[in-house]
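>>> build me a model from this:
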Amino acid sequence: MPGVYFLILIILHGAFVGRGVGGQTVSGVLHGRAELHTCRGHEQNATRVEWSKYRNSASKRLLYTFEKPNITECRTNTCTNIYFDIKHLSLIVANLTAEDEGIYEEKTFVHNRDTEPCNINLSVLSVLKIAVSTSRCPLTLRCEVRGDFLDLRWLRDGLPLPEDQRISFNEKNRTMRVSCLNASDWGTYTCQVSNAAGTSEAHVNITSDVGTGKGTGEKENYLILILYCSGGTLIAILTLCIILFYTCKCECECDKPLLSKEEADTLQVDFLPHINTDLTKPKVSQQITDKRQLAEDFRVVFYTIADTENKQPPQTT
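All right, here's what the predicted structure looks like:
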């Protein structure tokens, strides 16, 4: 079944984009220049030429139109880097960017009758970046390339790499590996790719920080980790200080006496009246005994209060 879907995709692509003759491929390089020529040699008989670019498989945008005698018109708002060559009826794209890559269509009208359109695929070669591992042993540099290239070379400080058994390449030279980095390997490395249109390159600086596993991204992660640890330590210290403060405050309040000596001396004690809760009527003898006991208790209380105030108790008769 996957083969059936692939066949349907090819048919749809041919219906929308692949119509016409030619199917040429033009290669360019980033910030370079590319020229798209017509697929036929009937420039002298052409009365009108249209250049368009496909946004996707179903829609396209008209870029330039040409009508005799020598009338050209740009149909887009971004024609700062697109020009039309009247002599060869070709489209010139200068200062190439990644957005210029895609499929272009050229349609020629001869005696006001359109011919079969011509499709041209523009490929822009560029080095996106050099990915660097943060391991000293081994150190890996990978050149991330967009587009088709004929040659890829690695340079260090602008010079070819020396012959060294520690250096190896794979993935068509896209990946360079140094078995173990040392001070002689530090410098600016360049990934240089080229095709028939020109050359594109990218650079990266390798220092001791990269070799020890502290590249740019690693440094940022290390700083973030330090900030998190510092913040957590500060919060823990503040929490401990708050706990110690309230603990000392509680101990001081617990050791403090409820009343000072002066407050204790001036404190007046109000005795509660005696309430007899026994509702049964006591006997007479028992009442006399209770009265005598009450008198004795009164004398004891009176003598106690007198001793507290440093006074002599009165003589009893």
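
>>> need the pLDDT of residue 116.
pLDDT, residue 116: 81.

>>> nope, residue 28 is what I meant
For residue 28, pLDDT reads 92.

>>> what strands flank the strand ranked longest in the chain, and is each parallel or antiparallel?
Identified as the longest strand of the chain according to DSSP state E is strand 118-132. Sheet pairing of strand 118-132 (DSSP bridges) gives strand 21-29 (parallel), strand 102-110 (antiparallel), strand 139-146 (antiparallel).

>>> any weak-confidence spans in the stretch 1-150 of the chain?
1-22, 40-44, 78 (pLDDT under 70).

>>> that one: helices as residue ranges?
Secondary structure of the stretch 1-150 of the chain by DSSP state H, counting those that start in this stretch: the helices cover 2-16.

>>> do the same with the stretch 151-300 of the chain
Using DSSP H, counting those that start in this stretch, helices in the stretch 151-300 of the chain cover 208-211, 216-255, 261-265, 284-308.

>>> residues near residue 63, how many?
20 (other C-beta atoms under 10 Å). Heads up, the C-betas are built off the backbone N, CA and C, glycines and all.

>>> mind giving me the domain split of this structure?
Annotated domains of the chain cover 18-124, 125-213, 215-251 [automatic domain parsing].

>>> thought residue 207 was touching residue 188?
No: look at residue 207 against residue 188 with C-beta atoms under 8 Å: they stay out of range, at 9.9 Å.

>>> name the nearest residue to residue 170, ignoring sequence neighbours.
Nearest non-adjacent residue to residue 170, counting by C-beta to C-beta, 6 or more residues apart in numbering: residue 177, 7.7 Å away.

>>> the one you found contacts residue 140, doesn't it?
Yes: at 5.1 Å, residue 177 and residue 140 qualify as touching, with contact defined as C-beta under 8 Å.

>>> who touches the closest residue to residue 198 other than its chain neighbours in this structure?
Take residue 198 and drop its neighbours on the chain: the residue closest to it by C-beta to C-beta, 6+ apart is residue 29, 3.9 Å away. By C-beta atoms under 8 Å, 6 or more residues apart in numbering, residue 29 lies in contact with 96, 124, 125, 126, 194, 195, 197, 198, 199, 200.

>>> next one: residue 168
Contacts for residue 168 (C-beta under 8 Å, 6+ apart) come out as 176, 177, 179.

>>> who wins for neighbours among the residues you listed?
Within those, most neighbours by other C-beta under 10 Å means residue 176, with 22 neighbours.

>>> so that residue sits right up against residue 169, yeah?
Yes: judged on C-beta under 8 Å, residue 176 makes contact with residue 169 at a distance of 5.6 Å.

>>> which residues do these two both contact?
Shared contacts of residue 176 and residue 169, defined by C-beta under 8 Å, 6+ apart, comprise residue 154.

>>> before we move on, the earlier item: what pairs with the residue nearest to residue 198 across the strands?
If you apply DSSP bridges, the partners that residue 29 bridges to are residue 125.

>>> count of residues packed around residue 186?
Residue 186 has 17 neighbouring residues, counting by other C-beta under 10 Å.

>>> ok so, going back, which parts of the longest strand of the chain are buried?
Residues of strand 118-132 classed as buried: 118, 119, 120, 121, 122, 123, 124, 125, 126, 127, 130, 132 (neighbour count, 16 or more other C-beta atoms under 10 Å).

>>> circling back to that earlier point, got the contact list for the residue nearest to residue 170?
Contacts of residue 177 (C-beta under 8 Å, 6+ apart): 138, 139, 140, 141, 167, 168, 169, 170.

>>> if we go to 6 Å?
Contact analysis of residue 177 by C-beta atoms under 6 Å, 6 or more residues apart in numbering lists 138, 140, 168.
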